[in-house]
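J.: Can you look at this prediction? I've put the sequence above it.
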Amino acid sequence: MQHTDTVVIGAGQAGLAMSRSLTERGVEHVVLERGRVADRWRNETWDSLRLLSPNWMSRLPGWSYTGPDPHGYMTAAEVVSYLQGYADASAAPVQEESAVEHVGLDGERFEIITSDQNWRAGNVVVATGWCDRPTVPAMAHQLDTELTQVVPAAYRRPADLPEGGVLVVGASATGAQLADELAAAGRDVVLAVGSHSRLPRKYRGMDIFWWLERIGTFDRTIDEALDPVAARQEPSLQLVGRPDHCTIDLDTLRVRGVELAGRMTAADGQHVHFAGDLAPTIAAADGRLDRILADIDVHIEASCLGEEVLDRERTRPIPVDHQLLDLDLRDRRVRTVIWATGYRRAYPWLHVPVLDEAGEIRQRHGVTPVPGLYVLGQRFQHRRNSNFIDGVGRDAIEVAEHVIHHTCSIGRA
């Protein structure tokens, strides 16, 4: 049995930010990682994936981007290098290939059992991230077994998929990017569109993330939300980070030849059915877009930036030519379905009473109801960007202060 003050579970951006914050405060700790540092970025990304945020926004405690392309978007391999460099520079005490199998309480302290050794600690920080396990709807089991079904974590490139058309389910950042890539590769693509947030890559000459930071979007806290549950379920961004700084939305996909449909509602063998909600879904996304751009325009006026940026831009509404309600996959020669339907969290190893009815960890600003147990990297954990590389650091610093207080109350390991 190994003893330490704090065990951090996960060596991605959240776990490493937590480790740096603990090190700076003199808290003894260990970081347990099931694979290697930044393991999901190494093994669960497709070849063309890049960060949605510009490189200058990749800020962590004591670490920031210093490369030659601050306005570009790091590839997955570059993110791995960035996080590995952070771990090395921070001398993070990472135990790689150490999968956590059990976390339970033993008096005032926690017992942590891993695949290679056991630990006893006064604090545990769960930093396994928001994008844990792909969510695949139950209707997937109703599809013909001849079809290939893929989640984004297992997709790498168009050439790996069977020949023929592709049905992509989900139109946020991941679904839109994969639909665009597959159509560019000559595939016949149908995109099932659910709730999403449409944004241009640039607005009035500046990256949209630059504007969102300027108007305080990322500083918005969960305490300001009228409905915290709904806030954490806000539609994801329909955005792409590419060297050409292009915008990707349903209109650019339609022009590329992607056929748009509403939400996928049912499946039966080689037949799938869609809701007739494409037009209202697009209208809702356009409404959110118009409100954000209006806020930016107000900020430009109030800050006297009008002479420094481009003129106001009008957004083009996305036409809905027809509603695809039913699709015969065999007739359309669709042989692959990609489920870009988001992620869920699972904690089969967490044997502490902190999970709610949905299986999520109950917490406020990272502090759970169980003394000494914390979480980091959750969506809208404290601020709107809590699960971003650029936002997790502030939460890590706050959680570190709670760790220190709890450690003092129970004594060192």
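T.: Thanks, I have it. What you see is a predicted model, and the numbers here were worked out from it, not measured in a lab.
J.: Need phi/psi at the closest residue to residue 126 other than its chain neighbours.
T.: Closest residue in space to residue 126, ignoring its immediate chain neighbours: residue 375 at 4.6 Å, by C-beta to C-beta, 6 or more residues apart in numbering. Backbone N, C-alpha and C define where each C-beta goes, glycine included. Main-chain torsions, residue 375, degrees, to the nearest 10: phi -140, psi 150.
J.: Counting neighbours, what do you get for residue 375?
T.: Using other C-beta atoms under 10 Å, residue 375 has 26 neighbouring residues.
J.: and if you look at residue 47?
T.: Count around residue 47 with other C-beta under 10 Å applied: 14.
J.: So what touches the longest helix belonging to the chain?
T.: Among the segments of the chain that qualify as a helix by DSSP state H, the longest is helix 278-302. Helix 278-302 has contacts (C-beta atoms under 8 Å, 6 or more residues apart in numbering) with 193-199, 203-204, 211-212, 214-215, 217, 235, 238, 250, 260-263, 305-306, 309, 312-313, 315, 317-318, 320, 323-324.
J.: thought the residue nearest to residue 126 was touching residue 363?
T.: Yes. Counting by C-beta atoms under 8 Å, residue 375 does reach residue 363; the two are 5.0 Å apart.
J.: For residue 56, which non-adjacent residue is closest in space?
T.: residue 70 (4.2 Å).
J.: Number of residues surrounding the one you found?
T.: 13.
J.: If the spatially closest residue to residue 161 that is not a sequence neighbour is in a bridge, with which residues?
T.: Once flanking residues are discounted, residue 161 sits nearest to residue 336: 4.8 Å by C-beta to C-beta, 6+ apart. Beta-bridge partners of residue 336, counted by DSSP bridges, are residue 148, residue 166.
J.: Spit out the contact partners of the residue nearest to residue 126.
T.: 125, 126, 127, 361, 363, 366, 368, 381.
J.: Output these as JSON lines; include the columns neighbour count and pLDDT.
T.: Putting those into JSON lines (neighbours: other C-beta atoms under 10 Å; pLDDT from 0 to 100) gives the following:
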{"residue": "125", "neighbour count": "31", "pLDDT": "98"}
{"residue": "126", "neighbour count": "30", "pLDDT": "98"}
{"residue": "127", "neighbour count": "29", "pLDDT": "98"}
{"residue": "361", "neighbour count": "22", "pLDDT": "97"}
{"residue": "363", "neighbour count": "21", "pLDDT": "97"}
{"residue": "366", "neighbour count": "27", "pLDDT": "98"}
{"residue": "368", "neighbour count": "19", "pLDDT": "98"}
{"residue": "381", "neighbour count": "27", "pLDDT": "96"}
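J.: Which of those residues fall in strands?
T.: 125, 126 (DSSP state E).
J.: what about the closest residue to residue 386 other than its chain neighbours, helix or strand, and which?
T.: Once flanking residues are discounted, residue 386 sits nearest to residue 395: 5.3 Å by C-beta to C-beta, 6+ apart. Secondary-structure assignment from DSSP states H and E places residue 395 in helix 392-410.
J.: just the helices in the protein please.
T.: 13-24, 39-43, 76-89, 173-184, 208-214, 228-232, 250-256, 278-302, 329-332, 392-410.
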